[in-house]
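Enquirer: turn this into a structure:
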Amino acid sequence: MSDQQDFLNVAVLTVSDTRTPETDTSGNYLVESLKQAGHRIAAHQIVIDDVYQLRAIVSQWIADPAIDAVITTGGTGFSGRDSTPEALAPLFDKHIEGFGELFRQLSFDDIGTSTVQSRALAGLANHTVIFCVPGSTGACRLAWTGILQQQFDSRHKPCNFVGVLRKAKGN
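Expert: Here you go, the predicted structure:
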């Protein structure tokens, strides 16, 4: 059993009609956090909140065998343009129900009952894990420190997503 961490290739996608690379605080937070943990950034992009554009980008990433994980930020709320769940849930081979449940539980401490409007979700598609988190930097920090940082660490016990992905991809 090795104490050395196995790192992932992760793509980060910000879903926003208004953010630019300079104002994308949530996407930039995720990229920096992933890098600090030793993971490789396979792609970092911003896309408008459009079901088909969002689905096209993530479909391309999950078809790439070099990408292990995708994290999207934004488009998970309850307003009219929020469409990340509708765009990406149909791509999932398996849903990871516990991610959204745990995210909302942790989020309750920060925003109270407003967490019921969060449609954070996750799934597995073509041996790639996809995590969809709200667009605020605080929500991205909560998802990273409260869930993803440990689940992206191959040393985390009793289980983590790295082991599942490596086994599925034959690595």
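Enquirer: which residues does the helix ranked longest in the chain contact?
Expert: Of all segments of type helix in the chain, defined using DSSP state H, the longest is helix 97-111. For helix 97-111, the external contacting residues (CB atoms under 8 Å, 6 or more residues apart in numbering) are 115-116, 118-122, 131, 133, 138-139, 142-143, 146-147. All C-beta spots, glycine's among them, are computed from the backbone N, C-alpha and C.
Enquirer: just those residues now: which is nearest Ala89?
Expert: The closest of the contacts of helix 97-111 to Ala89 turns out to be Leu121 (CB to CB; 6.5 Å).
Enquirer: report the beta-bridge partners for that closest one.
Expert: Beta-bridge partners for Leu121, by DSSP bridges, are Cys132.
Enquirer: and it, how far from Gly138?
Expert: According to CB to CB, to the nearest Å, Leu121 stands 18 Å off from Gly138.
Enquirer: neighbour count: those two, which is higher?
Expert: Neighbours per residue (other CB atoms under 10 Å) separate Leu121 from Gly138, with Leu121 holding more: 23 against 14.
Enquirer: doesn't Ala87 make contact with that one?
Expert: No - at 10.9 Å, Leu121 does not count as touching Ala87 under the criterion of CB atoms under 8 Å.
Enquirer: where along this protein do the helices fall?
Expert: Here the chain has its helices, by DSSP H, at 25-36, 51-63, 84-88, 97-111, 137-143, 149-151, 161-168.
Enquirer: burial of the closest residue in space to Gly138 that isn't next to it in sequence, as a residue count?
Expert: Spatial nearest neighbour of Gly138, chain neighbours left out: Asp110 (6.7 Å); criterion: CB to CB, 6 or more residues apart in numbering. For Asp110, the count of nearby residues is 13 (other CB under 10 Å).
Enquirer: ditto for Arg155
Expert: Counted with other CB under 10 Å, residues neighbouring Arg155 total 13.
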